[in-house]
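In: kindly return the folded structure for what I paste below:
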Amino acid sequence: MATRADHDRPTLLLGTTGFLGQHVASALRAAGRAVRPVRGVNLAALDASAWDDLLGDADGVINAAGRTAGPLSDLTQANVQVLAGVLDACGRAGVPLVHFASAAEYGRTPEQHAAAETDPAIPLSAYGASKLAGTVLLQEAVRSGRVQACALRLTNPLGQGMNAGSLPGRAAALLQDAARRGHAELRFGPLGAQRDFVDARDVARAALHVLDHLHHAGQPGPALPDVINVGSGEARAVRDVVQGLAELTDYRGVLLEDAPGSPRSGDVPYQRADLNRLHATGFTAQHDFRSSLSALLGPVHAT
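Out: I've put the predicted structure just below:
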């Protein structure tokens, strides 16, 4: 897709040190591409000149930066203000942008329904609302012709480097410790909510794949949509994550579900992504659910 000359120029990666950013950096390097990482920079404080300096001779941008929790002001700054700055900068530089959006933008969906990009987006959390605001900004910039960009609406990434702030990351740490110490039981909240889990390595591959498509925008063939779901297309109970990790760590104790539950799980009991748009680009996932869980138990990526 992209030319050799494109690959000789760096890709600017925002959110380099984050969970997904580390996977994107690894994927870029594995593909023989130069990476311009961003560390220790307050992206929300950059003016137009600073953004232009940051882009420099980059051939494109992947935005894996953002916040998942915190007060609304912080979420807005990280998930809307930063994106507005990079959209303007990409427009001035004439380079494409791939942005990580979120399936939280959809809000509650009916059971067994695969959420499509054309479905109404009615987020039920401040995080989802801030991510949707960013997606709307990106769509407006694309419609107006100011930038070539695509928002990838990610479901629930799994893989190496997840921290204990997420249920899969916490479950992995607890089960590894419990297996080592021989604990008789572990307590979790209710694990019946169903989620669409996707391997973080496939998320990174999808980002590179879509960036290549954006480099070829305007050439013969169907236009790339401005929003594309990235997931597995399959809904699994969160319980499958915990039980799968228990098997992989050889934990023999009892798994209880009598701890206080997550309000978000109650608000959104079912999630599954429609992947027709993603598959139409020619993208195919490489990693299955068990592979994702095995990776989750591994060490954090080096950056």
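
In: contacting residues around stretch 139-149?
Out: For stretch 139-149, the surrounding residues in contact (Cβ atoms under 8 Å, 6 or more residues apart in numbering) are 87-88, 90-91, 95-99, 138, 150-151, 214, 217, 226-227. Yep, even glycine has a C-beta here, placed from its N, CA and C like the rest.

In: make it 6 Å
Out: Outside stretch 139-149, the residues that touch it by Cβ atoms under 6 Å, 6 or more residues apart in numbering are 87, 90, 91, 96, 97, 138, 214, 217, 226.

In: kindly report the same for stretch 106-114.
Out: 115, 121, 122, 123, 124, 268, 270, 272, 274.

In: put the buried members of those into a ChimeraX selection.
Out: Remark: buried members of the contacts of stretch 106-114, expressed as a ChimeraX selection using 16 or more other Cβ atoms under 10 Å:
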select :115,121,123,268,270,272,274
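
In: lowest-confidence entry in the contacts of stretch 106-114?
Out: pLDDT across the contacts of stretch 106-114 is at its lowest for residue 268, which sits at 90.

In: return the residues in contact with it.
Out: residue 108.

In: quick one: the strands in the stretch 151-300 of the chain?
Out: For the stretch 151-300 of the chain, the strands defined by DSSP state E, counting those that start in this stretch cover 156-158, 185-187, 194-199, 227-230, 235-237, 254-256.

In: closest to residue 27 out of these?
Out: Among these, the nearest to residue 27 by Cβ to Cβ is strand 194-199 (11.6 Å).

In: what's next to the closest one, contact-wise?
Out: With contacts defined as Cβ under 6 Å, 6+ apart, strand 194-199 is touched by 155-159, 231-232, 235-238, 270-273, 287, 292.

In: repeat for stretch 175-185
Out: Residues from elsewhere that reach stretch 175-185, judged by Cβ under 6 Å, 6+ apart: 186, 245, 246, 249, 250, 251, 253, 254, 256.

In: what's the average pLDDT for it?
Out: For stretch 175-185, mean pLDDT rounds to 93.

In: over to stretch 128-141?
Out: Mean pLDDT, computed over stretch 128-141, is 98.

In: which phi and psi does residue 110 have?
Out: Note on residue 110: its backbone torsions stand at phi -60, psi 150 [degrees, to the nearest 10].

In: count of neighbours near it?
Out: 7 (other Cβ atoms under 10 Å).

In: am I right that residue 49 is in a helix?
Out: Yes. Membership of residue 49 in a helix is supported by DSSP: H, G, I helix; E, B strand; the rest coil.

In: re the thing from before, which pair of the contacts of stretch 106-114 spans the longest distance?
Out: Distance extremes for these: the farthest pair is 124 and 274 at 19.3 Å, using Cβ to Cβ.

In: where's the closest residue to residue 51 other than its chain neighbours, which helix or strand?
Out: Residue nearest to residue 51 in three dimensions, not counting chain neighbours: residue 89, with 3.7 Å by Cβ to Cβ, 6 or more residues apart in numbering. Counting by DSSP states H and E, the element that carries residue 89 is helix 82-93.

In: that older thread, out of the strands of the stretch 151-300 of the chain, which gets nearest to residue 8?
Out: Minimum separation from residue 8 across the strands of the stretch 151-300 of the chain (Cβ to Cβ) falls at strand 227-230, 26.8 Å.

In: circling back: nearest to residue 192, of the contacts of stretch 106-114?
Out: Nearest to residue 192 among those is residue 270, at 10.1 Å by Cβ to Cβ.

In: possible to save the contacts of stretch 139-149 as TSV with neighbour count and distance to residue 194?
Out: Conversion of the contacts of stretch 139-149 to TSV gives the following (neighbours: other Cβ atoms under 10 Å; distance: Cβ to Cβ, whole Å):
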residue	neighbour count	distance to residue 194
87	24	34
90	25	36
91	17	39
96	25	34
97	27	32
138	24	28
214	19	32
217	14	36
226	18	28
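
In: hmm, which of those is lowest in pLDDT?
Out: Lowest pLDDT of the contacts of stretch 139-149: residue 217, 72.

In: now that one: closest residue in space, sequence neighbours ignored.
Out: Closest residue to residue 217 apart from its sequence neighbours, by Cβ to Cβ, 6+ apart: residue 148 at 4.9 Å.

In: if I look at the one you found, how far off is residue 210?
Out: From residue 148 over to residue 210 the distance is 11 Å, taken as Cβ to Cβ, to the nearest Å.

In: what do those two both touch?
Out: Joint contacts of residue 148 and residue 210 (Cβ under 6 Å, 6+ apart) do not exist.
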